[in-house]
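> model this:
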Amino acid sequence: MKKLVIANIGTSEQGKSSSVKEVLNYLCAHGAIPVQETQEGSSENGYDIRIIVTYKEIRIGVESQGDPNSRILDSLPYFVKGKCDIIVCACRTNGATYDTVTNLKKDGYDVLWFSNPRFEQNDQQLFDEVNADYGEMVVSLIDKRINNG
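This is a model prediction of the structure:
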């Protein structure tokens, strides 16, 4: 199977981390097993996660920190070293985080850029539904990648 990075790209305060966390929630609800303990870090929105899981016999690294000078700069090489077939992460639109994701092409990864839907209302229920839908969509893409090799 060709390796893949799925990066949720956007500016600050757009819900990237929340969407990435929903990908992990959806993976775990459908049988993903942690390979290493979750590393949590504080953020404005509560917590961020870095974890490697096994899902349908492949390794997936998930990092929700995508801000400049954040853990993502260490997590992506960690996932490569950990032989992750797929990496799911949050990422800014330019700068070090963007460059670090783009450089994974050198390690044989395809890079797929996504941006979760944005809306201007302050509606927590809608925000949660959009993030859950994003998680389901990304896991559907992962399933297709697994099934098609």
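
> So residue 13, which state does it fall into?
For residue 13, the assignment made with DSSP: H, G, I helix; E, B strand; the rest coil gives coil.

> what about it, how many residues close to it?
Applying other CB atoms under 10 Å, we find 9 residues neighbouring residue 13. C-betas here are computed from N, CA, C, even on glycine.

> now do residue 4
Neighbour tally, residue 4, other CB under 10 Å: 21.

> Now it: which helix or strand?
strand 3-9 (DSSP states H and E).

> so after that strand, what's the next helix or strand?
helix 16-29.

> relative orientation of that following helix and strand 3-9 in degrees?
If you take axes from the mean of the first three to the mean of the last three CA atoms, to 10 degrees, helix 16-29 sits at 140 degrees to strand 3-9.

> what packs against helix 16-29?
strand 3-9, strand 46-55, strand 58-63, strand 86-91, helix 124-148 (3 or more CB pairs under 8 Å, 6 or more residues apart in numbering; DSSP states H and E).

> wait, which of the ones you listed is closest to residue 79?
Among these, the nearest to residue 79 by CB to CB is strand 58-63 (3.2 Å).

> so what secondary structure elements neighbour the closest one?
helix 16-29, strand 46-55, helix 72-81, strand 86-91.

> which of the ones you listed is buried the deepest?
strand 86-91 (a mean of 28; mean count of other CB atoms under 10 Å).

> Give me the three-state assignment for the closest residue in space to residue 105 that isn't next to it in sequence.
Of all residues not flanking residue 105 in the chain, residue 111 sits nearest, at 6.2 Å (CB to CB, 6 or more residues apart in numbering). Following three-state DSSP, we place residue 111 in the strand state.
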